[in-house]
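**Student:** Generate coordinates for the sequence data below:
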Amino acid sequence: AAAGKMAALGSGGTRWRQAWLPALQQLRRGSKAVTRHWKAMHLQRQKLLAVTEYVPPRPPVPPRCRGVTAWSHRVPCPQEDGLARVLRRQLEDTLRDSRMVAVCQYNSMADEDMATLRHFLRRHNIHVKFVLNEIARPVLAQSKFRTLLPLFVCRNILLVSPEARAREMLRVLRGVPQVNLLAACIDDTILSPQGVENFARLPSLQECQGQTVAALSLLCSQTSSLLQRGPSHLTALLDQHIQRLRGAEGATEPPQG
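**Tutor:** Got it, this is the predicted structure:
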């Protein structure tokens, strides 16, 4: 019986060792194998890579024949925006058709005030144009308005009109402190703000024409009166002489009876 119990315990201990492994086990520590040593590429692989390497196609015309450098085709050329080109063309047409172009500094204001300003200026055929400096500077540099280039350094607006309406423009701008007049070009003449005020004090073209016509008509009337004075005086003298002769003849005739 004792021998049977020992055999059962021995067999149970063996099964316990096979089912449950200990948390800590003894492992053999060997030297680590280094497999990342440099090794020459196989000759067949080198030939395959050389054959399959990408070769960019050559241009049909060499760069030296096009008058450009060899690396110019790699640098992308900046393309002009279509919207900017359209805005420049519109600005060129506006400047070409305008006799008066005024540059004003624009400070922020309410939309209702801006709409009111546009309305009062449009009454006198003056239009407000918002133009970016990036659009205006290239156009002005190639036109007769190149003298106005130093003024385009901040947010500006243009007041354009096909007529020289400086007086009406100043009258409207006096009530809008957010818009300051910097300079103007009237009839191909650059004027400062003081010059614009002096131009506005000048009489209008109709008044000048009326004054010129009045002066010329006065000279003509004076010349006509001077030319007619001699004949009229001679006529009066002759009439008086005839009357005297008739009186003398009547006195010398004898009485009939």
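**Student:** Which element, helix or strand, includes Ala184?
**Tutor:** Ala184 is part of strand 179-186 when elements are defined by DSSP states H and E.
**Student:** what about the protein, any weak spots by pLDDT?
**Tutor:** Across the chain, residues meeting the criterion (pLDDT under 70) sit at 1-35, 63, 66-80, 251-257.
**Student:** need the strands for it, in chain order.
**Tutor:** With strands called from DSSP state E, the chain shows them at 100-106, 127-130, 156-161, 179-186, 190-191.
**Student:** who's in contact with the last one?
**Tutor:** Contacts to strand 190-191, defined as Cβ atoms under 8 Å, 6 or more residues apart in numbering, come from residues 147-148, 183-185, 199. The way it works is simple: take the backbone N, C-alpha and C, and place the C-beta from them, glycine included.
**Student:** got the buried residues for the strand holding Ala184?
**Tutor:** 179, 181-186 (16 or more other Cβ atoms under 10 Å).
**Student:** The longest helix along the chain: how far from the chain's middle?
**Tutor:** Ordering each helix of the chain by length in residues (DSSP state H) puts helix 205-252 first. A distance of 66 Å separates the C-alpha centroid of helix 205-252 from that of its chain, computed with Cα atoms, centre = their mean, to the nearest Å.
**Student:** ditto for stretch 194-205
**Tutor:** The chain centre lies 27 Å from the centre of stretch 194-205; the measure is Cα atoms, centre = their mean.
**Student:** Give the other helices and strands that the strand holding Ala184 contacts.
**Tutor:** When contacts are defined as 3 or more Cβ pairs under 8 Å, 6 or more residues apart in numbering; DSSP states H and E, strand 179-186 sits against strand 100-106, helix 166-173, strand 190-191, helix 193-201.
**Student:** Out of these, which gets nearest to His124?
**Tutor:** Among those, the nearest to His124 by Cβ to Cβ is helix 166-173 (4.0 Å).
**Student:** May I have the closest one as CSV, with CA atoms only?
**Tutor:** Coordinates of each C-alpha in helix 166-173 appear next as CSV, following Å, rounded to 0.1, in the frame of the first residue of the first chain:
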residue,chain,number,x,y,z
ALA,A,166,-13.4,119.6,-59.4
ARG,A,167,-15.8,122.0,-57.7
GLU,A,168,-18.5,119.4,-57.2
MET,A,169,-16.0,116.8,-56.1
LEU,A,170,-14.6,119.1,-53.4
ARG,A,171,-18.1,120.1,-52.2
VAL,A,172,-19.0,116.5,-51.7
LEU,A,173,-15.7,115.5,-50.0
